Structures are given as C-alpha cells and as structure tokens.
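*Asks:* Quick one, structure for this:
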Amino acid sequence: VYKRVWPTTQRDSLFWSHIRQVNAHSDLCSDLPRHPSLLPADEHSQAVSKPSISSDTNVVALDSWMVVNMSTNYLADKVTCTSTPMIRLGLDVVLYCQTVIGSELAKSVAPTGHPDVVAAAATVPRDQLRTRLVYMANINPGGWVPAAGLRTLARREYPRFLRRFSAYVQEQTRDKTPLF
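*Replies:* Numbers count the residues shown, from 1 in each chain. All right, here's what the predicted structure looks like:
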C-alpha cells in the first residue's frame, strides 16, 4: 500500500522479485540451441558481455547482477473489498549492476594470457572498484493520475532512490573484502 497523493485513489501492488548473476564467464544457457548472429562471433560476444558506456570505455567488467521485479495478479480476485477503494498498480522494474575496474589495472593484476581476470582481481583494493548501474522502471498507475504529478514524483524519487541505494551498499560493504 502506497501513500495516497491527492486527488488520486489509494494504490497497492503485488510483485515478485528475482535476482540473478549474469556474468559473461558463466554461461547459463549452454545447453540451449544457438541462433546464428548477423555480427561476427567475437564482435557479437563483446557487445553482449561488455556493454559500452559513453563516460568510461576503458573498463573491464568483473561481476554483473540483475534484479527484476514484475507485478502479478495472483489471487487478486480473493482480495477482500474494503470501505476505502484501492487500485492495483502494475510495475516492471530492472536493476542491472556491474562491478568494473580500469583496463590498465586489470592488465597489471592479471598477467597477459591469464584465463580468469575475476579470480586475479580479488586482490584489487576496494577504492579501485567502480559500479555501473542501469535502472529501468515501467509503472502503470492503474488509473488516472495527473501527468505533471507523475513527472514531479519521478524527478524527486529517482535521485532519492539512487542516493539511498548507494549509501546502503557502501554501509554494507565497508571494511569487507570484495566477493566475485
């Protein structure tokens, strides 16, 4: 149940959440049939395993995780009616996190030809690690909500979420060795 914003109706949601490690070096679909790619094999695998970002292209991805939240209507017909009307909102949210280090640091940590940069990178100090986040959310309010109110809410809540999430992660990982 979410805080009611006047003049809209009270909202609630029911969703499932799934977390999965999505590293390039752990192929979870090795037994599935492969489809031919229009790109050359090495170019296609690099595009899939190491998405590029415009701000820093000289990085090596060490660890990647994805969290997916999707709404469901499971047992929606069994929810008892109350005197206060509620609308079930729908949501699809994806958070993709990737731990990266500079390519020069990766070369110095793992000698040329070393098969597993991740295992060699366990010795990298925490202050040399960086994180890339991709956060996507598609939220259907389930009814009428003023468009200006949604834009204002998104402008305020998205930076707040990133600040709180960053502070939480820093607090949880302080003085701990990185795990890959």
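
*Asks:* can we go C-alpha only for contacts and neighbour counts from here?
*Replies:* Fine.

*Asks:* Any stretches of this protein with poor pLDDT?
*Replies:* 1-8, 24-57, 76-79, 82-83, 109-122, 180 (pLDDT under 70).

*Asks:* which stretches of it form helices?
*Replies:* In the chain, the segments counted as helices under DSSP state H are 41-49, 103-109, 117-120, 147-173.

*Asks:* possible to save those as a markdown table with distance to Leu133 and mean neighbour count?
*Replies:* A markdown table is the format used below for these (distance: least, C-alpha to C-alpha, whole Å; neighbours: other C-alpha atoms under 10 Å):
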| stretch | distance to Leu133 | mean neighbour count |
| --- | --- | --- |
| helix 41-49 | 15 | 11 |
| helix 103-109 | 19 | 15 |
| helix 117-120 | 19 | 16 |
| helix 147-173 | 9 | 11 |
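
*Asks:* between those, which gets nearest to Met70?
*Replies:* When those are ranked by proximity to Met70, the top entry is helix 147-173, at 18.1 Å, counting by C-alpha to C-alpha.

*Asks:* closest to Asn73 out of the helices of the chain?
*Replies:* When the helices of the chain are compared for distance to Asn73 using C-alpha to C-alpha, the nearest one is helix 147-173, at 23.2 Å.

*Asks:* what's the neighbour count on Ile101?
*Replies:* Burial measure for Ile101: 18 neighbouring residues, criterion other C-alpha atoms under 10 Å.
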